[in-house]
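Q: okay, here's the prediction I keep looking at, along with the sequence it came from:
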Amino acid sequence: MSIINPASIPFEFCAIRFLIMWESQEKRLNAVMSKNADIKDLRAALAYFKVARNFKGLGLDETAKKILNLVQNARQSKNIPSERRVVDLAESFLANGFQMNLSAASKLLWLSDQSPYVIYDSRTVSSLSKMELLSRGSGYAEFCLAWKKAYRKCLPEIRRALNGLPNELPSARKFIPRLEISNEAIQLMVKKPWFRERVFDVYLWEMSDYI
């Protein structure tokens, strides 16, 4: 099955959508999670990614602090491959009385350090499975391989869409929420690998309804 289907979901749309997501919420959450996050920041991050319900007792400060410590410990394991760090964090959730949640682990680590983490999401799994790149029940390592294979194939189209974003955005601004970011700043940001990768995430989320 074809991976690229711009007629259904243009990468330009995905780029603008992620830009809105980043500027409206993810940028602020990344700023705090990458430095000295507190339990308020952790709760905000879990709520943003809609995985807070998977952590029973999150409203208790002691519980939130335990989760935050697990995330911070995982971030410090720099000598361990990123895929293994995500799995280790998910397993540490389970060992501490929570669910083994790969989605939450990958999202919290991405929000803290961005690349090279790949966000694990049920809609992304659905798209990759429908593209016949991923078998149902595959682990996180297999998921990352499938994601990266699809990403490499789509990268030329993503680059083309992002290269045109600074020129297209001025006419699009009247149709989207107000963004306090200049075209010059956008030109710099779209060159960053993590931005391109998240645009692809948006594409896979949306494609799960089209394939």
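A: Great, that's in hand.
Q: going forward, measure contacts and count neighbours with C-alpha atoms only.
A: Fine.
Q: okay, buried residues for stretch 51-65 please.
A: 51-52, 55, 58, 63-65 (16 or more other Cα atoms under 10 Å).
Q: likewise stretch 202-211?
A: So for stretch 202-211, counting by 16+ other Cα under 10 Å, buried means 202-208.
Q: make CSV from those residues and add pLDDT and distance to F18 to it.
A: Output for the buried residues of stretch 202-211, formatted as CSV (pLDDT from 0 to 100; distance: Cα to Cα, whole Å):
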residue, pLDDT, distance to F18
V202, 95, 7
Y203, 95, 10
L204, 95, 12
W205, 92, 12
E206, 90, 12
M207, 87, 15
S208, 84, 17
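Q: let's see which of those end up in helices.
A: 202-207 (DSSP state H).
Q: list the helices and strands the helix or strand containing L94 packs on?
A: Assignment of secondary structure by DSSP states H and E places L94 within helix 82-95. Counting contacts by 3 or more Cα pairs under 8 Å, 6 or more residues apart in numbering; DSSP states H and E, helix 82-95 is packed against helix 61-75, helix 102-113, helix 140-172.
Q: looking at the ones you listed, which is closest to A95?
A: Evaluated with Cα to Cα, these place helix 61-75 nearest to A95, the distance being 10.6 Å.
Q: what does the closest one contact?
A: 38-39, 42-43, 57-58, 85-86, 88-89, 92-93, 105, 108-109 (Cα atoms under 8 Å, 6 or more residues apart in numbering).
Q: need the contact list for the residue most central in space within the chain.
A: Centre of the chain computed as the mean C-alpha position; nearest residue by Cα atoms, centre = their mean is I119, 4.5 Å away. Contacts for I119 were tallied using Cα under 8 Å, 6+ apart; they are 103, 106-107, 110, 201.
Q: could you look up the SS state of it?
A: Following DSSP: H, G, I helix; E, B strand; the rest coil, we place I119 in the coil state.
Q: and it, how far is that from I181?
A: Separation of I119 from I181 (Cα to Cα, to the nearest Å) stands at 25 Å.
Q: one step back: can you put the contacts of I119 in JSON lines and add neighbour count and distance to E142?
A: Putting these into JSON lines (neighbours: other Cα atoms under 10 Å; distance: Cα to Cα, whole Å) gives the following:
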{"residue": "S103", "neighbour count": "20", "distance to E142": "14"}
{"residue": "S106", "neighbour count": "25", "distance to E142": "14"}
{"residue": "K107", "neighbour count": "22", "distance to E142": "17"}
{"residue": "W110", "neighbour count": "20", "distance to E142": "18"}
{"residue": "D201", "neighbour count": "22", "distance to E142": "16"}
